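S.K.: turn this into a structure:
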Amino acid sequence: MRTRRRGRVSIGRHRQRWHVGRRRRAGLVGALLAVAACSSTAPSSSPTTSVLAPITTPAAASTTAAASVGSTSPSTTATAASDAPTSAAPDTGPATTATGLPTTCAWHGPTDGGVVTFVSGGNLYELAADGSASCLTDVRPEETGPIRWSPDATRVLLGGATEAGDFGRRSTGYFAENPDVTWSAPTGKALIAPSVQNGSLVWRSSTNSADRLDVSFLTDTTAAAYHPAGKAIAAIGTDANGSVGLYIATNRGKSPKQLTFAEDSTDAALTELAFGADGTTIDFLHQHGTSYHLHQLVIAGIQLSDVADEAGAADLLVASTTVNGSVAWRRTLDGATTVRATFAGGAIETFPGGAPTSSVEPVGWLGDRLVVLEHSGPDPASAGTLWAWSSGSATPQLVATGAERAAVRIPRGGYLELPTDITQQAVG
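M.R.: Got it, this is the predicted structure:
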């Protein structure tokens with residue numbers, strides 16, 4: 001099971017509210033949870049079963065100038081779902097051949113069950129579960145950065161500066177080089193991002209970029225995310241007292257409360273965060289010198305779990321928006337990258353594919369499967385291969401080749417409101 005522990009209560013300014021050894025109730029005042037050096041114990045709960053149809057190999061292949069699918073000779077050698085390699089070959093699925101991907105683009109709404117989307121050759125393509133491919137819109141050279149779908153899957157960010165949908169495209173008001181622009185919840189009526197200039201947290205309407213607010217509640221914001229219900233924002237960064245931690249505030253940046261803090265901020269940093277599918281947990285990465293820990297915080301009761309302890313660097317944290325406990329990240333160790341994940345709160349698994357010289361990254365969750373993008377070399381901008389990976393499988397399924405960037409297009413699942421009160425058992 002995951003190592004679950006209660007954090008130490010910071011008595012300080014809440015001295016009269018908290019009493020050692022007794023359970024007290026407070027609103028989001030919550031006790032401060034110390035994020036110290038911690039150990040990792042692999043969880044053991046069983047993954048859930050998805051009702052989604054399996055991804056089939058799309059009926060679209062092309063020349064080297066565009067994406068192809070169903071290749072019978074992928075440039076990878078799969079490994080088992082651990083750090084020990086094996087010689088298992090990837091599952092390429094029922095390969096079919098066509099003359100190329102569609103060249104005419106037409107926007108359409110989201111599909112039940114979710115789909116994989118990717119950029120190739122200057123277009124954004126969608127691969128349906130039945131294997132059909134369609135072009136949604138063109139992608140211009142200046143539209144760099146992550147592809148991110150709105151929570152209702154009706155609109156997409158083409159990097160930080162451009163939003164696209166059935167209206168065409170419009171400017172977000174953010175810089176293209178800002179990689180941290182994210183959607184509001186539950187439908188994406190707004191966008192938020194830390195400023196690349198000064199670390200403030202900037203809110204903008206997603207329909208009118210001139211409608212702008214500073215919703216900062218930290219001196220320097222590293223990353224921020226809306227709670228799925230849309231009434232609160234969680235952020236990691238540094239407060240006015242120099243404390244590095246995880247905080248939560250209203251969706252206008254009011255009434256901020258500190259949920260966690262790093263005991264030694266001189267040699268530690270919180271780098272990324274993501275809410276769990278139903279909004280009851282927050283996953284976040286914590287850097288300790290040259291190693292990284294993945295923590296999960298249960299908001300009700302302020303309970304902290306150690307999910308993973310990585311000797312190397314960890315980044316690109318991706319939590320499922322439909323299945324609780326499914327979270328993935330990229331690990332970089334001695335120059336080599338791999339994808340690690342827990343499926344529905346199960347034990348940590350390692351992506352069973354990728355050549356030693358390739359670069360891999362988690363793309364997103366499609367029900368109980370993780371979509372992974374593999375680049376054949378160290379250049380993350382080069383065209384790569386998309387795989388669908390299921391828990392316990394040593395043979396990930398080939399989805400497409402020629403993908404430069406990718407994202408899963410799936411409406412967010414159900415969620416719970418934040419608790420009115422947070423209870424905390426103080427350390428006795």
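
S.K.: where does pLDDT dip in the stretch 301-428 of the chain?
M.R.: Filtered on pLDDT under 70, the stretch 301-428 of the chain yields the residue ranges 354-355, 378, 380, 422-428.

S.K.: repeat that with 90
M.R.: The model of the stretch 301-428 of the chain has pLDDT under 90 over residues 301, 335-336, 353-358, 376-383, 419-428.

S.K.: do a quick rundown of the strands in it.
M.R.: The residue ranges that make up the strands of the stretch 301-428 of the chain, judged by DSSP state E, counting those that start in this stretch, are 303-310, 313-319, 327-333, 336-342, 348-350, 359-366, 369-375, 384-390, 397-403, 405-409, 422-425.

S.K.: and E272, which of these is closest to it?
M.R.: When the strands of the stretch 301-428 of the chain are ranked by distance to E272, counting by Cβ to Cβ, first place goes to strand 313-319 at 4.3 Å. For every residue, glycine as well, the C-beta is placed using N, CA and C.

S.K.: dump the strands of the stretch 301-428 of the chain to TSV, plus distance to V215 and mean neighbour count.
M.R.: Converted to TSV, these look like this (distance: least, Cβ to Cβ, whole Å; neighbours: other Cβ atoms under 10 Å):
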stretch	distance to V215	mean neighbour count
strand 303-310	26	21
strand 313-319	22	20
strand 327-333	26	22
strand 336-342	31	22
strand 348-350	35	20
strand 359-366	26	24
strand 369-375	32	25
strand 384-390	35	25
strand 397-403	34	25
strand 405-409	25	23
strand 422-425	22	18
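
S.K.: what about the strands in the stretch 51-200 of the chain?
M.R.: In chain order, the stretch 51-200 of the chain shows strands spanning 115-120, 123-127, 133-138, 147-149, 156-158, 162-165, 168-171, 182-183, 190-194, with DSSP E, counting those that start in this stretch as the criterion.

S.K.: so which elements touch the second one?
M.R.: I take that to be strand 123-127. Contacting strand 123-127 under the criterion 3 or more Cβ pairs under 8 Å, 6 or more residues apart in numbering; DSSP states H and E are the following elements: strand 115-120, strand 133-138.

S.K.: I'd like to know which elements the last one is packed against.
M.R.: Using 3+ Cβ pairs under 8 Å, 6+ apart as the contact criterion, the neighbours of strand 133-138 among helices and strands are strand 123-127.

S.K.: tilt between the strand it packs on and strand 115-120?
M.R.: Using axes from the mean of the first three to the mean of the last three Cα atoms, to 10 degrees, the interaxial angle of strand 123-127 with respect to strand 115-120 works out to 150 degrees.

S.K.: give me the contacts around strand 123-127.
M.R.: Defining contact as Cβ atoms under 8 Å, 6 or more residues apart in numbering, one finds that strand 123-127 is touched by 55, 58, 67, 69, 101-102, 105, 111, 115-119, 133-139, 147, 156, 158, 164, 399-400, 409.

S.K.: nearest approach to A394 belongs to which of the strands of the stretch 51-200 of the chain?
M.R.: Shortest separation from A394 across the strands of the stretch 51-200 of the chain is recorded for strand 115-120, at 21.2 Å, computed as Cβ to Cβ.

S.K.: ok, what's across the strand from the nearest residue to S382 once chain neighbours are set aside?
M.R.: Nearest-residue entry for S382: H375, 5.1 Å, with adjacent residues in sequence omitted and distances by Cβ to Cβ, 6 or more residues apart in numbering. Taking DSSP bridges, one finds S359, G384 as the beta-bridge partners of H375.

S.K.: list the contacts for H375?
M.R.: For H375, counting by Cβ under 8 Å, 6+ apart, the contacting residues are 358-360, 382-384.

S.K.: got those residues as a markdown table, with distance to L316 columns?
M.R.: Below are those laid out as a markdown table (distance: Cβ to Cβ, whole Å):
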| residue | distance to L316 |
| --- | --- |
| S358 | 15 |
| S359 | 11 |
| V360 | 10 |
| S382 | 17 |
| A383 | 19 |
| G384 | 14 |
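
S.K.: and G289, how many residues sit next to it?
M.R.: If you count neighbours by other Cβ atoms under 10 Å, G289 ends up with 9.

S.K.: leaving out the residues flanking it, which one is nearest to it?
M.R.: Taking Cβ to Cβ, 6+ apart as the measure, G289 lies nearest to D267, with 5.5 Å between them; neighbours along the chain are not counted.

S.K.: could you do L124 as well?
M.R.: Leaving aside its sequence neighbours, L124 is closest to L136 (4.8 Å, by Cβ to Cβ, 6+ apart).

S.K.: please tell me how far that neighbour sits from A311.
M.R.: Counting by Cβ to Cβ, to the nearest Å, the separation of L136 from A311 is 40 Å.

S.K.: still on that earlier bit, redo the strands of the stretch 301-428 of the chain as a markdown table? Include distance to A223.
M.R.: Conversion of the strands of the stretch 301-428 of the chain to a markdown table gives the following (distance: least, Cβ to Cβ, whole Å):
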| stretch | distance to A223 |
| --- | --- |
| strand 303-310 | 18 |
| strand 313-319 | 9 |
| strand 327-333 | 14 |
| strand 336-342 | 20 |
| strand 348-350 | 23 |
| strand 359-366 | 16 |
| strand 369-375 | 21 |
| strand 384-390 | 25 |
| strand 397-403 | 25 |
| strand 405-409 | 18 |
| strand 422-425 | 22 |
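
S.K.: select, out of those, the one closest to R170.
M.R.: Ranking those by distance to R170, with Cβ to Cβ as the measure, places strand 405-409 first at 18.8 Å.

S.K.: same for that closest one, what does it pack against?
M.R.: Using 3+ Cβ pairs under 8 Å, 6+ apart as the contact definition, the elements that strand 405-409 packs against are strand 115-120, strand 147-149, strand 359-366, strand 369-375.

S.K.: what lines up beside the shortest one in the sheet?
M.R.: I take that to be strand 147-149. Neighbouring strands of strand 147-149 in its sheet, by DSSP bridges, are strand 156-158 (antiparallel).

S.K.: residues in contact with D166?
M.R.: Contacts here follow Cβ under 8 Å, 6+ apart; on that basis D166 touches 107, 109, 154.

S.K.: wouldn't the first one be in contact with T137 here?
M.R.: By that I understand W107. Yes: with the criterion set as Cβ atoms under 8 Å, W107 and T137 qualify as a contacting pair; they are 6.1 Å apart.
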